[in-house]
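Visitor: Build me a structure from this.
(chains A and B)
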Number of protein chains: 2
Amino acid sequence: MKISLVGSGRVAFHLAKALLGQGHHIVQVYARDFEKTQKFAEQFQAKACQSLREFQPADLIILAVSDSAIAVLVKQIHELFPETLMVHTSGSTDIEVISQVHEKAGVFYPLQTFSLERDVDWSATPLFVEAVTDTDQELLSDLANSLSGRVYQYTSKQRLTLHLAAVFACNFSNYCFDMAKQVVDKEQVDFSLLYPLILETAKKATENDPKQMQTGPAVRGDQNILAMHQDLLAQANRDDLKQVYQLLSDGIVKRHHSD
Amino acid sequence: MKISLVGSGRVAFHLAKALLGQGHHIVQVYARDFEKTQKFAEQFQAKACQSLREFQPADLIILAVSDSAIAVLVKQIHELFPETLMVHTSGSTDIEVISQVHEKAGVFYPLQTFSLERDVDWSATPLFVEAVTDTDQELLSDLANSLSGRVYQYTSKQRLTLHLAAVFACNFSNYCFDMAKQVVDKEQVDFSLLYPLILETAKKATENDPKQMQTGPAVRGDQNILAMHQDLLAQANRDDLKQVYQLLSDGIVKRHHSD
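Guide: Numbering: from 1, shown residues only, chains lettered A, B, ... in the order given. Have a look, this model is predicted:
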């Protein structure tokens, strides 16, 4: 397929790389920062465009941009290419943000966390596709199947639920790891000592019900340790971490002692 | 070594299993619930005791019990076996809780999350030992080395820091997974779709600085999505999850935009 790409961030990067790897052609790229766009386009043998007006016709236009940028781009692109299938890659943006302007609308959402430093295992990454017409739905499913063995046709509402859950499962758990690192860094204790614990915690939660896997002073109802840890954070002038400690511990206690 | 074990919980179970596997002898077990103690002792060819007074002499007494139970047990055991090395397995309890009563005091702390349903990879589990005397320190290090390749001599203060960090890295991240499951369960979306994301998030945090690996609407400063997700939680009558969402998102924003 001949694909036009809007965006030069992490999702755009990994998507372009995977699509190119499957023999698709990234014809052109447009993004806010032209210098970044040039560097980006070079890696994928694509043309860097300074304006959407430079875009040539393609089979598919992918908007891999922040949620807040989608609506404006849809209007601009619709005027230029009213007949071309256009998709966004967002978990939380409804397909209607495209379809109310542009009938050939779709969504192509990979449920994964992307970093420039890390390769993506696309075969294990669930892909969620949605389209207004059956033909476009089929086309997007085929494209998704060329990347991943786990392709699902999901509505915008189901996708939003998934994305909200992903914020808890990924963004917030990563922040917990980051807070743990701040705690040990302050005392010159090596964060890597926690690696086996972090990996086992994630593994447990994917092989059993995480509710059943809960351990620690809160689920044991150990008030002395809970108080001691909070004192320690207060003494270290980390009232921010103390507040998180308290709210999450309260949540765990309620979850396990009032259900 | 001939070992006496106090406790029949998850740490006691996995420790007994590992020590038996290394050729040590679990002579006897005592725990609050005698029926449970009997079942426990049976698995490890140990004698189940209804009282500490039934204990025979051993080389080492391990207290694998909740933090709040340690002090009382130390006094009782000290009267019976004033000369036997006694250790606890807690991250947050100071060695002094033993040593102020009983000179032959030590700590044997495995930094891991234990579930009865899951085997423990002891070779990858960091073990932290502490003792009052050099001889006991050496004895505990040898015992630890027989289980794990990662043995550290840590003070009670360093161990407390580690345990506090572990609460964030393990207990709180697991609770994030549990909250994610609650979000998808409510909409009949399959939690297993999040498995690749959960595993990749943990892997990322152990191969890179988790601060640098932070993704999601909060670090992007996407106020629309943050507000939408919180509205969704409020509509679902999950003010508890909304409060967590808000506090952790605020924390991520501050962490990334004021450092």
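
Visitor: What pLDDT does the model give A:D259?
Guide: The score at A:D259 is 56. That number is its pLDDT.

Visitor: Next, count neighbours for the closest residue to chain B within the stretch 51-200 of chain A.
Guide: Chain B sits closest to A:N171 of the stretch 51-200 of chain A, with a gap of 3.2 Å, by C-beta to the nearest C-beta. All C-beta spots, glycine's among them, are computed from the backbone N, C-alpha and C. Neighbour count for A:N171, taken as other C-beta atoms under 10 Å in any protein chain shown: 24.

Visitor: ok, now the one 3 residues further on?
Guide: A:N174 sits with 25 neighbouring residues when counted by other C-beta under 10 Å.

Visitor: Then the one 5 residues further on?
Guide: Using other C-beta under 10 Å, the number of residues around A:M179 comes to 27.

Visitor: How about A:Q214?
Guide: Going by other C-beta under 10 Å, the residues that sit close to A:Q214 add up to 23.

Visitor: A:N237 now?
Guide: By other C-beta under 10 Å, neighbour count at A:N237 equals 9.

Visitor: what about it, which SS state?
Guide: coil (DSSP: H, G, I helix; E, B strand; the rest coil).

Visitor: quick one: it from A:D231, how far?
Guide: Distance, A:N237 to A:D231, using C-beta to C-beta, to the nearest Å: 12 Å.

Visitor: try A:E207
Guide: Distance, A:E207 to A:D231, using C-beta to C-beta: 35 Å.

Visitor: same question, A:T206
Guide: The gap separating A:T206 from A:D231 is 34 Å, by C-beta to C-beta.

Visitor: Point me to the residue sitting farthest from the middle of chain A.
Guide: Distance to the chain centre peaks in chain A at A:N224, reaching 38.4 Å (criterion: C-alpha atoms, centre = their mean).

Visitor: Would you confirm that it belongs to a helix?
Guide: Yes - membership of A:N224 in a helix is supported by three-state DSSP.

Visitor: so A:L116 sits in a helix?
Guide: No - assignment of A:L116 by three-state DSSP gives coil, placing it outside any helix.

Visitor: Burial check on A:S51, number of neighbours?
Guide: A:S51: 9 neighbours (other C-beta under 10 Å).

Visitor: Quick check: pLDDT value at the closest residue to it other than its chain neighbours.
Guide: Leaving aside its chain neighbours, A:S51 sits nearest to A:Y30 (7.2 Å; criterion: C-beta to C-beta, 6 or more residues apart in numbering or on different chains). Note on A:Y30: pLDDT of 98.

Visitor: number of nearby residues for A:Y30?
Guide: Considering only other C-beta under 10 Å, A:Y30 is surrounded by 27 other residues.

Visitor: thought it was touching A:R53?
Guide: No - A:Y30 sits out of contact with A:R53 when judged by C-beta atoms under 8 Å, with a separation of 9.6 Å.

Visitor: I'd assumed A:L19 was in a helix, is it?
Guide: Yes - remark: A:L19 belongs to a helix, assigned using three-state DSSP.

Visitor: list the contacts for it?
Guide: A:1, A:3, A:26, A:143, A:147 (C-beta atoms under 8 Å, 6 or more residues apart in numbering or on different chains).

Visitor: so A:Y109 is in which element?
Guide: Assigned by DSSP states H and E, A:Y109 belongs to strand A:105-110.

Visitor: any residues touching that strand, and which ones?
Guide: A:11, A:14-15, A:62, A:85-91, A:93, A:95, A:98-99, A:120, A:122, A:125-132, A:136-137, A:140, A:143-144, A:148, A:154, A:156, A:159, A:163.

Visitor: In chain A, where is pLDDT below threshold?
Guide: A:259 (pLDDT under 70).

Visitor: How is it divided into domains?
Guide: A:2-154, A:160-257 (the TED database).

Visitor: first vs last residue of the shortest one, how far apart are they?
Guide: Distance between the two ends of domain A:160-257: 30 Å, counting by C-alpha to C-alpha, to the nearest Å.

Visitor: so how far is that domain from its chain's centroid?
Guide: With C-alpha atoms, centre = their mean, to the nearest Å as the basis, domain A:160-257 stands 22 Å off its chain's centre.

Visitor: Neighbours of A:I61, how many?
Guide: 30.

Visitor: ok, now how distant is it from B:R10?
Guide: Distance from A:I61 to B:R10, counting by C-beta to C-beta: 54 Å.

Visitor: hey, where'd the helices end up in chain A?
Guide: Counting by DSSP state H, the segments of chain A that form helices are A:10-21, A:34-43, A:67-80, A:96-99, A:134-147, A:156-166, A:173-186, A:195-207, A:217-220, A:223-235, A:239-257.

Visitor: Ok, which of those comes nearest B:L73?
Guide: helix A:223-235 (15.2 Å; C-beta to C-beta).

Visitor: Would you mind pulling up the elements that the closest one packs against?
Guide: Applying 3 or more C-beta pairs under 8 Å, 6 or more residues apart in numbering or on different chains; DSSP states H and E, one finds that helix A:223-235 makes contact with helix A:217-220, helix A:239-257, helix B:67-80, helix B:156-166.

Visitor: between it and helix B:156-166, how big is the angle?
Guide: Taking axes from the mean of the first three to the mean of the last three C-alpha atoms, to 10 degrees, one finds helix A:223-235 and helix B:156-166 inclined to each other by 90 degrees.

Visitor: what residues does helix A:223-235 touch?
Guide: So helix A:223-235 is contacted by A:217-218, A:239, A:241-242, A:245-246, A:249, B:67-68, B:92, B:160, B:164, B:167 (C-beta under 8 Å, 6+ apart).

Visitor: Can you tell me which of those residues has the most neighbours?
Guide: That'd be A:A218 among these, by other C-beta under 10 Å, with 28 neighbours.

Visitor: I'd like the distance between it and chain B.
Guide: A:A218 is 7 Å from chain B, where distance means C-beta to the nearest C-beta, to the nearest Å.

Visitor: I'd assumed B:F168 was in contact with that residue.
Guide: No - applying C-beta under 8 Å, one finds A:A218 not in contact with B:F168, separated by 11.9 Å.

Visitor: related to what we said a few turns ago, any chance of the helices and strands packed on helix A:223-235 in JSON lines, with distance to B:A48 too?
Guide: Converted to JSON lines, the helices and strands packed on helix A:223-235 look like this (distance: least, C-beta to C-beta, whole Å):
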{"stretch": "helix A:217-220", "distance to B:A48": "23"}
{"stretch": "helix A:239-257", "distance to B:A48": "29"}
{"stretch": "helix B:67-80", "distance to B:A48": "17"}
{"stretch": "helix B:156-166", "distance to B:A48": "30"}
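
Visitor: burial count for A:F40?
Guide: For A:F40, using other C-beta under 10 Å, the count is 22.
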